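K.L.:
quick one, fold the following:
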Amino acid sequence: MLQQLVHAEGLLPAQLESAIAAALKAEEILVDPYVTVTVVEYDSRPISVAGAVKSPTTFQAMGNVTLLEAVTRAGGLAPEAGPEILVTHSQPGPDGAPISLTRRIPIKSLIDTADPDVNLSLHGGEQIRVPELGKIFVVGNVKKPGAFPLQDDDETTVLKALALSEGLAPYATKVAYVIRRDDRTGHKNELPIELSKILKRESPDVTLLANDILYVPDNSGRRNTLGVLEKLAAFGTATVSGVLIYSTIH
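P.N.:
Residues are numbered from 1 along each chain as shown. Next up is the predicted model:
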């Protein structure tokens, strides 16, 4: 019994003290033992939780730790959390060198439906990241320019983006532009949108993707680049850099 306790894993020092004291008394080695356990060295098994959580943290895996418990230790999900959690861990590859594997866990399955198959058991060394919801950006001649989160349960279209930005401002043009980055090349493409036809239901609505910029110019034939830059400044440098190509639209 005592030998098993010495090599026990997952017990806190206080738990180990009580267990050893109980074993000494049960085996009649001591009548009323008082045991103090001092940890000389920990076997480091860190679990890190980062991204869209309320309190990003790193803690040691002590005993059985589940994915849901790890998220709870990080204060739970932040309001801007996206629809999935990424769990990355390393394991030996075919040649013995470590390789990283990432599993995508749907948040609905983990929290809403409590699917036990996705509530992974963690053993230390895992990196847990919660990506934020993707956003689309609406700028130019709209009443409320801004960045709007994409909802995971529905697609966001040009008409919905205009509704989120409270509609068109006066003197908006008939043609708008979707600025979209090509992930493979890194280049930004300008996609003309027949806005007037979409509004009249003469043309199908256009689906927007994460990080798209919907730009609605005015009908003066000019590009008020300075004003757009000022509005975009609140969205971050990545979006601001994307607006530099507006001046190429004529």
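K.L.:
which residue ranges of the protein form strands?
P.N.:
Defined through DSSP state E, the strands belonging to the chain, from first to last, are 46-51, 57-60, 65-66, 84-92, 98-106, 121-122, 127-130, 135-140, 146-149, 156-157, 175-181, 188-194, 207-208, 213-216.
K.L.:
tell me which residue is most central in this protein.
P.N.:
Relative to the mean C-alpha position of the chain, the nearest C-alpha, by Cα atoms, centre = their mean, is the one of Pro131, at 1.1 Å.
K.L.:
hmm, it is touching Leu77, no?
P.N.:
No - applying Cβ atoms under 8 Å as the test, Pro131 and Leu77 come out as separate, 11.2 Å apart. (Glycine included, C-beta is placed from N, CA and C.)
K.L.:
between these two, which contacts overlap?
P.N.:
Common contacts of Pro131 and Leu77, defined by Cβ atoms under 8 Å, 6 or more residues apart in numbering, comprise Ala52.
K.L.:
where is the longest helix in this structure?
P.N.:
helix 13-26 (DSSP state H).
K.L.:
I figured Thr57 hits Glu69, correct?
P.N.:
No - the pair Thr57 / Glu69 is not scored as a contact, 11.9 Å apart, by Cβ under 8 Å.
K.L.:
quick check: pLDDT value at Thr185.
P.N.:
Note for Thr185: predicted pLDDT of 81.
K.L.:
low-confidence bits of the protein, can you list those?
P.N.:
For the chain, applying pLDDT under 70 flags the ranges 1-13, 39-43, 151-154, 220-250.
K.L.:
in PDB, list the C-alpha atoms belonging to stretch 70-86.
P.N.:
Backbone C-alpha positions of stretch 70-86 (Å, rounded to 0.1, in the frame of the first residue of the first chain) are rendered in PDB as follows:
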ATOM      1  CA  ALA A  70      -9.600  23.600 -19.200                       C
ATOM      2  CA  VAL A  71     -11.900  26.100 -20.800                       C
ATOM      3  CA  THR A  72     -13.600  26.700 -17.500                       C
ATOM      4  CA  ARG A  73     -10.200  27.400 -15.800                       C
ATOM      5  CA  ALA A  74      -9.700  30.100 -18.500                       C
ATOM      6  CA  GLY A  75     -12.900  31.800 -17.300                       C
ATOM      7  CA  GLY A  76     -15.000  30.400 -20.100                       C
ATOM      8  CA  LEU A  77     -15.500  31.600 -23.600                       C
ATOM      9  CA  ALA A  78     -15.300  35.300 -24.500                       C
ATOM     10  CA  PRO A  79     -18.300  36.800 -26.400                       C
ATOM     11  CA  GLU A  80     -16.200  37.000 -29.600                       C
ATOM     12  CA  ALA A  81     -15.400  33.300 -29.600                       C
ATOM     13  CA  GLY A  82     -15.800  31.500 -32.900                       C
ATOM     14  CA  PRO A  83     -17.600  28.200 -33.500                       C
ATOM     15  CA  GLU A  84     -14.800  25.900 -32.700                       C
ATOM     16  CA  ILE A  85     -11.800  25.100 -30.400                       C
ATOM     17  CA  LEU A  86      -8.500  24.000 -31.700                       C
END
